[in-house]
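> Okay, predicted coordinates and the sequence, questions at the end:
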Amino acid sequence: MDHAVQLQDLPVRVVCSSTCYRAETDTGREPWGLYRVHQFTKVEMFGVTAAERGTESEELLDEFLGLQKEIFSELGLHFRVLDMPTEELGLPAYRKFDIEAWMPGRGKFGEVRGGLGPREFGESR
């Protein structure tokens with residue numbers, strides 16, 4: 001707010017934390033506990049790049065993905081990165097990664113980071 005980003009300042013990287021709410025919760029398929037809850041706190045990373053070479057968004061996406069993989073590795077989590085198929089993408093995303101970690105209590109992987117991907121406005125890919 002009240003801040004103009006100058007071309008020479010790009011790329012800009014921002015991180016924020018927010019309280020989120022969702023309408024749906026756990027469907028009762030889990031044998032115990034809650035996996036999806038109404039209210040949760042999440043941390044998001046945002047970036048703004050120039051499009052001078054045409055590779056800036058991909059480079060920043062790789063940087064953000066690398067940071068998240070480093071965090072999950074440092075936490076000692078067994079995780080996997082899913083490069084999501086196009087039918088899972090919303091507009092205006094052209095690529096998206098989800099990260100799932102092994103959850104021993106569930107006996108399977110579960111999403112711990114979803115929707116990491118560049119979004120292009122005013123451009124076609």
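Everything's here; your move. Numbers count the residues shown, from 1 in each chain.
> Mind checking the pLDDT average for stretch 48-56?
The average pLDDT within stretch 48-56 is 86.
> in it, what counts as buried?
By neighbour count on 16 or more other CB atoms under 10 Å, the buried set for stretch 48-56 is Thr49, Glu56. From N, CA and C alone the C-beta is placed, and that goes for glycine too.
> Can you tell me what sits against that stretch?
Stretch 48-56 has contacts (CB atoms under 8 Å, 6 or more residues apart in numbering) with Val5, Leu7, Leu10, Pro11, Val12, Ser57, Glu59, Leu60, Glu123.
> What is the end-to-end distance of that stretch?
9 Å (CA to CA, to the nearest Å).
> In strands, which of the contacts of stretch 48-56 appear?
Counting by DSSP state E, those place Val12 in strands.
> out of the contacts of stretch 48-56, which are buried?
Those of the contacts of stretch 48-56 that meet the buried threshold are Ser57, Leu60, by 16+ other CB under 10 Å.
> Which one of the contacts of stretch 48-56 is nearest to Asp83?
For the contacts of stretch 48-56, the residue nearest Asp83 by CB to CB is Ser57; the value is 15.4 Å.
> which regions of the protein sit below the pLDDT cut-off?
When residues are selected by pLDDT under 70, those of the chain lie in 24-36, 116-125.
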